[in-house]
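Asker: requesting a structural model of the entry that follows:
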Amino acid sequence: MLQALGNIFKIPDLRKKVLYTLFIIFIYRVGGHLPTPGVDGSALNEFFQKVSATSGGNLFGIIALFSGGALQRATVFALGIMPYISSSIILQLLMVVIPHLEKLAKEGGEEGRRTLIQYTRYGTLVLALIQTFFISLWLENPNAFQGTVIVPNPGWGFRLMTILTLTTGTVFIMWLGEQIDEHGIGNGMSVLITAGIIEGIPSAIMQTTQLVQYGQIQIWKLVFLVILFVFTVIGVILIVAGQRKIPVQYAKQIRGHRVYGGQSTYLPLKVNQANVVPIIFAQSIILFPATIAGFFPGGGFVKTFASWLSPGSGLYVMLSAFLIIFFTFFYTAITFNPIDIANNLQKYGGFIPGIRPGKNTAEYLDYLMTRVTFCGAIFLAVIAEFPSVINSPKVLNIPFMVASFFGGTGLLIIVGVILDTMKQIESQLLMHHYEGFIKKGKLRARIK
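Answerer: Model prediction:
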């Protein structure tokens, strides 16, 4: 491992990409500490620490997770990259119902890809304007903060300034992510999200240490959590990297005096095809009542209904698990089209041994993907509900901020992004005949 890390800096191109990515991450984290004008940041941060809003008690908790805690500090990057994620997901959904977008994705080539990226940018800007407007209203509402005044001078002046500041911050983050895609290493947006989540780990460790010192967490609970964390990480790695490999054989074609094709390969079916999208969808829907309830003073049906769906409640766990499984199948059905894959295989002379090309191949792929997706959906539901379960007073009664780092969306994102980035670095090292992170004896022997 250490030798592979040293080899990174021996390759000029790879060294430049890694250092450039680290520089962009540095800029991103600096921007995550620049305050938004008109907001009492200390009062807001004190409130978040008091009620542990990053536990996901409303939609702003999800934004706080993806912004690396910038929301609770009310910085210019408070909205994070959530509008870009939402815009990308919406565009993928629209490709199914709008033929023009589907044609751009399949037949547009490089020009079509650029057009779709531009549409995603426009969508990000629109969603950012809408979300920042509601965030400004939320910051002005003392009832959302148990009577604490976060904005000393509310009004349209503050709202317009907040909309302009936070929207500009989101657009700048989008630009930073695209710079990593173009000049750095890894997926830009995912790398920035992961950097924000990892920044919160030291504070979670400090809080855990304090809770152990004060006797709020017994030693046996901490040991149990560490063991559980190790097995959870191993499970996440296995599922994220898990594939069902379908053998594919290409028929031999004789053209003149040459023989083409005839090689064997495989078609990978990812166990976690939908990634963390189902969790985002499910939590956004369930936590919407709690978000709306924060804008209305007093009790009422909305607050009562929101309390039923509070994280850790039985109804929350069951409904969240059901929605995660549903959206996993829904999103997989959108992103994985067995008919197109079967047609492409047939077009280039490929076939699955024992399965007739065309319709039978599509049905076979759909059959396999349904069963693979079911395993991935159950896994996502378990990982997403893991923090809520161990946070429950009836189980371990661990504070949610601590529990969230032993499972949940954050851990899934961190492991997935690290694996993807390591694969890209690995390919660069092997291309330059250096030993990568994964030792392969046969490959080294061939190089020697």
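Asker: tell me the contacts of residue 327?
Answerer: Residues near residue 327 by CB atoms under 8 Å, 6 or more residues apart in numbering: 274, 277-278, 281-282. Using the backbone N, CA and C atoms, a C-beta is placed for each residue, glycine as well.
Asker: in helices, which of these fall?
Answerer: Those of the contacts of residue 327 mapping onto helices are 277-278, 281-282, per DSSP state H.
Asker: ranking by neighbours, what's the top pick from those?
Answerer: Most neighbours among the ones in helices among the contacts of residue 327, by other CB atoms under 10 Å: residue 278, with 25 neighbours.
Asker: low-scoring stretches of the stretch 51-200 of the chain, by residue?
Answerer: Low-confidence segments of the stretch 51-200 of the chain, defined by pLDDT under 70: 51-66, 68, 108, 142-147.
Asker: my guess is residue 170 contacts residue 128. True?
Answerer: Yes. Counting by CB atoms under 8 Å, residue 128 is a contact partner of residue 170 at 4.4 Å.
Asker: joint contacts of those two?
Answerer: If you check residue 170 and residue 128 against CB under 8 Å, 6+ apart, the residues they both contact are 79, 83.
Asker: helix/strand/coil for residue 194?
Answerer: What DSSP: H, G, I helix; E, B strand; the rest coil gives for residue 194 is helix.
Asker: that one reaches residue 413, doesn't it?
Answerer: Yes. Assessed by CB under 8 Å, residue 194 is found in contact with residue 413 at 6.0 Å.
Asker: count of neighbours near residue 198?
Answerer: Count around residue 198 with other CB under 10 Å applied: 17.
Asker: make that residue 136, sorry
Answerer: Neighbourhood size, residue 136 [other CB under 10 Å]: 24.
Asker: torsion angles phi and psi at it?
Answerer: With angles defined as degrees, to the nearest 10, residue 136 sits at phi -60, psi -40.
Asker: residue 247 now?
Answerer: phi -70, psi 140.
Asker: nearest residue to it in space, ignoring adjacent ones along the chain?
Answerer: The spatial neighbour of residue 247 that comes closest, neighbours along the chain excluded (CB to CB, 6 or more residues apart in numbering), is residue 266 at 5.4 Å.
Asker: for residue 378, same thing?
Answerer: Leaving aside its sequence neighbours, residue 378 sits nearest to residue 325 (CB to CB, 6+ apart; 7.1 Å).
Asker: which ones are touching the one you found?
Answerer: Residues near residue 325 by CB under 8 Å, 6+ apart: 278, 377-378, 380-381.
Asker: can you put those residues in a markdown table and add pLDDT?
Answerer: Below are the contacts of residue 325 laid out as a markdown table (pLDDT from 0 to 100):
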| residue | pLDDT |
| --- | --- |
| 278 | 85 |
| 377 | 90 |
| 378 | 90 |
| 380 | 86 |
| 381 | 87 |
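Asker: now, which of these lie within strands?
Answerer: Among the contacts of residue 325, no member falls in strands (DSSP state E).
Asker: Provide the secondary structure category for the closest residue to residue 90 other than its chain neighbours.
Answerer: Distances taken as CB to CB, 6+ apart place residue 123 nearest to residue 90, at 6.2 Å, with adjacent residues excluded. Three-state call for residue 123 (three-state DSSP): helix.
Asker: burial of residue 123, as a residue count?
Answerer: Close neighbours of residue 123, defined as other CB under 10 Å, add up to 19.
Asker: and for residue 129?
Answerer: 15.
Asker: distance of it from residue 330?
Answerer: 27 Å (CB to CB, to the nearest Å).
Asker: picking up where we left off before, which strand or helix spans the residue nearest to residue 378?
Answerer: helix 314-335 (DSSP states H and E).
Asker: got the buried residues for that helix?
Answerer: In terms of neighbour count (16 or more other CB atoms under 10 Å), helix 314-335 has its buried residues at 316-317, 319-321, 323-325, 327-329, 331-333.
Asker: on the C-terminal side of that helix, identify the next helix or strand.
Answerer: helix 338-347.
Asker: tell me the mean pLDDT for stretch 285-301?
Answerer: The average pLDDT within stretch 285-301 is 62.
Asker: oh, I was asking about stretch 344-363
Answerer: Average pLDDT, stretch 344-363: 86.
Asker: ends of it, what's the gap?
Answerer: In stretch 344-363, first residue to last residue: 15 Å (CA to CA, to the nearest Å).
Asker: shaky segments in the stretch 201-350 of the chain?
Answerer: Ranges of the stretch 201-350 of the chain meeting pLDDT under 70: 252-262, 287-313.
Asker: if you set the cut-off to 90 instead, what comes out?
Answerer: Regions of the stretch 201-350 of the chain meeting the criterion pLDDT under 90 cover residues 201-324, 327-328, 330-350.
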